[in-house]
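Asker: please work out how this folds:
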Amino acid sequence: MKTNGGFLITKVKQLNDRIFEKILAKKNVDAFNGPQGRILYVLWQEDGVPIKTISEKSGLAITSLTTMLERMEKNGLIGRRQDESDKRKTLLFLTDRARNLKNDYDSVSDEMGNIFYEGFSQKEIREFESYLEKIIMNLEKWSEK
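Answerer: Numbering: from 1, shown residues only. So this is what the prediction gives:
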């Protein structure tokens, strides 16, 4: 059976990234871009985590994160500290400036959600998100092989 799921997901990601950047610009949010917003989102959920956790939860490769994190640190969004219990690990922390940007991110995220689900019923949203969760589980299982 021929399917188009992979192509459709790629198209959704490309459009999502483009529209997210447009909404950031429309709202005059220039402190972070889309990928940096994903990093901040992870840290807003749990501050003081290693880079590996950021990579796993944001879906960004560690190699991509290195440059982004340096830029974010230079722009006063994050700080780094050595893990007291494991000196080999560096933990990432939000700055006060980044904490104060959460409302901006939430506003952009809410607008994205409205765009995503326009014309969907609550039941359709729940079903759709359950399918996405299954796809994510399948991809994570496969990536661990």
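Asker: how is this protein carved up into domains?
Answerer: 1-29+101-145, 32-99 (automatic domain parsing).
Asker: got the end-to-end distance for the shortest one?
Answerer: Which is domain 32-99. One end of domain 32-99 to the other measures 12 Å (Cα to Cα, to the nearest Å).
Asker: could you dump the domains of the chain to a markdown table with mean pLDDT?
Answerer: What follows is the domains of the chain, written out as a markdown table (pLDDT from 0 to 100):
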| stretch | mean pLDDT |
| --- | --- |
| domain 1-29+101-145 | 93 |
| domain 32-99 | 92 |
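Asker: and the gap between Glu140 and Lys2?
Answerer: 25 Å (Cβ to Cβ, to the nearest Å). (C-beta placed from N, C-alpha, C; glycine too.)
Asker: the more surrounded of the two?
Answerer: Glu140 (10 against 3; other Cβ atoms under 10 Å).
Asker: state the helix or strand in which that one lies.
Answerer: helix 122-143 (DSSP states H and E).
Asker: which stretches in this protein count as strands?
Answerer: Taking DSSP state E, the strands of the chain run over residues 49-50, 78-82, 90-94.
Asker: against Ser143, how distant is the residue nearest the centre of the chain?
Answerer: For the chain, the residue nearest the mean C-alpha position is Arg38 (2.4 Å; Cα atoms, centre = their mean). Counting by Cβ to Cβ, the gap from Arg38 to Ser143 is 18 Å.
Asker: ditto for Asp86
Answerer: 25 Å.
Asker: try Lys74
Answerer: 31 Å.
Asker: same check, this time on Asn114
Answerer: From Asn114 to Ser143 the distance is 31 Å (Cβ to Cβ).
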